[in-house]
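give me coordinates for this.
(one chain, ligands or ions: 4)
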Amino acid sequence: MAKVYNDKDIQDDVLRGKKIAVIGYGSQGHAHAQNLRDSGFDVVVGVRQGKSFDKAERDGFQVKSVREASEEADVIMVLLPDELQTKSYNEEIKAGLRAGNALAFAHGFNIHFNQIVPPEDVDVFLVAPKGPGHLVRRTYKEGAGVPALVGVFQDVTGEAKATAYAYAKAIGAGRAGVLETSFQEETETDLFGEQAVLCGGLTSLIKAGFETLTEAGYQPELAYFECLHEMKLIVDLIYEGGFSNMRYSCSDTAQWGDFVSGPRVVNEETKARMKEVLNDIQSGQFAKGWLLENQTNRPVYTSIDRKEKEHPLEKVGSELRALMPFVKPKKEDEVLVQK
Ligand SMILES: NC(=O)C1=CN([C@@H]2O[C@H](COP(=O)(O)OP(=O)(O)OC[C@H]3O[C@@H](n4cnc5c(N)ncnc54)[C@H](OP(=O)(O)O)[C@@H]3O)[C@@H](O)[C@H]2O)C=CC1
Ligand SMILES: CC[C@](O)(C(C)=O)C(=O)O
Ligand SMILES: [Mg+2]
Ligand SMILES: [Mg+2]
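Ligands and ions are numbered 1, 2, ... in the order given. Predicted coordinates:
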């Protein structure tokens with residue numbers, strides 16, 4: 001088994017006394033900044049004027065422009081959207097980098113795909129939480145944490161790896177597990193996971209189930225409960241104790257259906273499509289498409305996003321959730337909801 005580090009294995013002295021600039025105060029940014037501060041580290045937030053800037057100030061941070069924050073920090077964690085990082089790096093962050101500083105990321109995209117080319121005299125590492133930023137914060141407050149991957153791209157000080165582990169511990173990842181990786185492995189697996197399984201795979205599965213039932217004449221409300229609402233309850237059991245735990249709690253009839261019908265829906269054909277998705281990621285084809293999409297003001301993204309928001313499942317979902325006061329985004333999800 002790969003070595004999975006937790007709090008007791010990680011020394012954090014290497015990060016103590018250093019100034020950490022958290023660049024961006026969105027999903028990951030607010031969580032890193034607040035967890036680092038609560039772990040006793042010295043944080044400055046760097047972000048453009050606007051909603052995030054105001055929120056970071058309200059949350060009691062010293063908030064500066066990206067350039068100023070980068071200039072005064074020893075460790076610069078870049079938590080801007082991937083597609084905007086290169087411009088901000090070239091125009092603001094780079095000027096603030098001094099020899100021996102550390103440039104850090106929560107996803108290897110721009111380093112791995114050669115969009116950001118850092119100078120040779122700085123450390124470059126990643127600390128990539130394996131979970132959404134709002135949960136990085138929420139679980140930290142609950143005394144738990146979200147696992148993270150750490151990786152080093154460049155080590156000039158000899159301390160890059162230790163700093164990455166200390167940072168991971170400071171944001172709460174050491175409570176769950178920290179695993180070492182490379183920028184390449186993190187980037188390719190993260191993109192694959194979100195496209196084929198966690199986001200793309202899951203939403204497509206839910207939608208296909210919902211559409212199959214409603215097109216067959218069943219009530220949309222029932223289809224929503226069956227294919228979406230209950231998904232969380234089932235996934236919680238898998239999260240807590242694996243497939244066996246979920247199957248233990250479900251009926252034997254469900255388990256038999258799981259065995260005989262699951263592989264009819266997600267099958268070798270599906271795996272072949274997954275391999276195509278992975279190939280596109282590994283070849284850089286996906287990254288190129290995403291970067292070009294952004295250079296052209298996101299025509300395809302906008303059109304699909306509009307259609308997705310109008311899907312009957314979204315409408316019936318918002319009506320049903322309004323009847324369940326316990327099902328709503330938590331308060332710290334403010335930034336997420338505004339997106
Ligand atoms: N979302 C997640 O949970 C995860 C994200 N990651 C990685 O973390 C990084 C950040 O992603 P995420 O947290 O989702 O990003 P978000 O979109 O949630 O937040 C982006 C932040 O950057 C600010 N920002 C945007 N453009 C600029 C700019 N030009 N100058 C200054 N500030 C700007 C936004 O401020 P404003 O309010 O003004 O728009 C906002 O505070 C990415 O590398 C991503 O891949 C990794 C693991 C999980
Ligand atoms: C699953 C999506 C993710 O990779 C994440 C929350 O880990 C992301 O990029 O947001
Ligand atoms: Mg991810
Ligand atoms: Mg991701």
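
so where do the strands sit in the chain?
Assigned by DSSP state E, the strands in the chain fall at 4-5, 19-23, 42-46, 63-64, 75-78, 102-105, 123-129, 148-154, 178-181.

in JSON lines, list these along with distance to ligand 2 and mean neighbour count.
No exception for glycine: its C-beta is placed from N, CA and C like everyone else's. Shown next, in JSON lines, are the strands of the chain (distance: least, C-beta to the nearest ligand atom, whole Å; neighbours: other C-beta atoms under 10 Å):
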{"stretch": "strand 4-5", "distance to ligand 2": "18", "mean neighbour count": "15"}
{"stretch": "strand 19-23", "distance to ligand 2": "17", "mean neighbour count": "25"}
{"stretch": "strand 42-46", "distance to ligand 2": "20", "mean neighbour count": "25"}
{"stretch": "strand 63-64", "distance to ligand 2": "23", "mean neighbour count": "21"}
{"stretch": "strand 75-78", "distance to ligand 2": "14", "mean neighbour count": "26"}
{"stretch": "strand 102-105", "distance to ligand 2": "12", "mean neighbour count": "27"}
{"stretch": "strand 123-129", "distance to ligand 2": "7", "mean neighbour count": "26"}
{"stretch": "strand 148-154", "distance to ligand 2": "10", "mean neighbour count": "23"}
{"stretch": "strand 178-181", "distance to ligand 2": "14", "mean neighbour count": "20"}
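
and those strands: which comes nearest ligand 1?
Distance to ligand 1, taken as C-beta to the nearest ligand atom, is lowest for strand 123-129 among those, at 5.2 Å.

the inter-axis angle of that closest one versus strand 148-154?
170 degrees (axes from the mean of the first three to the mean of the last three C-alpha atoms, to 10 degrees).

circling back: redo the strands of the chain as TSV? Include mean pLDDT and distance to K307.
Output for the strands of the chain, formatted as TSV (pLDDT from 0 to 100; distance: least, C-beta to C-beta, whole Å):
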stretch	mean pLDDT	distance to K307
strand 4-5	98	41
strand 19-23	99	33
strand 42-46	98	35
strand 63-64	98	37
strand 75-78	99	32
strand 102-105	98	32
strand 123-129	99	30
strand 148-154	98	33
strand 178-181	98	35
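
dump those strands to TSV, plus distance to ligand 1.
Below are the strands of the chain laid out as TSV (distance: least, C-beta to the nearest ligand atom, whole Å):
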stretch	distance to ligand 1
strand 4-5	18
strand 19-23	7
strand 42-46	7
strand 63-64	11
strand 75-78	7
strand 102-105	6
strand 123-129	5
strand 148-154	9
strand 178-181	13
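
any chance of those strands in CSV, plus distance to ligand 4?
Output for those, formatted as CSV (distance: least, C-beta to the ion, whole Å):
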stretch, distance to ligand 4
strand 4-5, 20
strand 19-23, 17
strand 42-46, 21
strand 63-64, 25
strand 75-78, 14
strand 102-105, 11
strand 123-129, 8
strand 148-154, 11
strand 178-181, 14
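
go through those and name the closest to T86.
Closest to T86 of these, according to C-beta to C-beta: strand 75-78, at 10.1 Å.

TSV for the strands of the chain, including distance to A223?
Converted to TSV, the strands of the chain look like this (distance: least, C-beta to C-beta, whole Å):
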stretch	distance to A223
strand 4-5	39
strand 19-23	42
strand 42-46	43
strand 63-64	45
strand 75-78	41
strand 102-105	40
strand 123-129	33
strand 148-154	36
strand 178-181	38
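
out of these, nearest to R321?
strand 123-129 (26.3 Å).

show residues contacting that closest one.
Under the contact criterion C-beta atoms under 8 Å, 6 or more residues apart in numbering, strand 123-129 has outside partners 28, 31, 77, 100-108, 111, 118, 136, 146-157, 159-161, 163-164, 167-168, 171, 173, 181, 183, 186, 190.

show me what residue of the protein gets nearest to ligand 1.
Across the chain, the shortest distance to ligand 1 (C-beta to the nearest ligand atom) belongs to G26, at 1.8 Å.

right, and that residue touches V78 too?
No: between G26 and V78 there is no contact under C-beta atoms under 8 Å: 11.8 Å.

tell me how many other residues crowd A166.
Residues lying near A166 (other C-beta atoms under 10 Å) number 24.

and the residue lying closest to D38 once chain neighbours are set aside, how many neighbours?
Distance criterion C-beta to C-beta, 6 or more residues apart in numbering; nearest residue to D38, sequence neighbours excluded, is Y140 at 7.1 Å. When neighbours are defined as other C-beta under 10 Å, Y140 has 23 of them.

quick check: the gap between Y140 and ligand 4.
In this view, Y140 and ligand 4 are 19 Å apart by C-beta to the ion, to the nearest Å.

show me what contacts the nearest residue to D258 once chain neighbours are set aside?
Excluding the flanking residues, the one nearest D258 by C-beta to C-beta, 6+ apart is R247, at 6.9 Å. R247 makes contacts with A254, Q255, D258, as judged by C-beta under 8 Å, 6+ apart.

one more: S88?
I23, V66, V78, L80.

alpha carbons only: can I get stretch 203-214 in CSV?
The C-alpha atoms that make up stretch 203-214 are tabulated as CSV, following Å, rounded to 0.1, in the frame of the first residue of the first chain:
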residue,chain,number,x,y,z
THR,A,203,-24.9,14.0,-13.7
SER,A,204,-25.3,12.0,-16.9
LEU,A,205,-26.3,8.9,-15.0
ILE,A,206,-28.8,10.8,-12.9
LYS,A,207,-30.2,12.6,-16.0
ALA,A,208,-30.5,9.4,-18.0
GLY,A,209,-32.4,7.7,-15.1
PHE,A,210,-34.7,10.6,-14.6
GLU,A,211,-35.4,10.9,-18.4
THR,A,212,-36.0,7.2,-18.7
LEU,A,213,-38.6,7.2,-16.0
THR,A,214,-40.4,10.5,-17.0
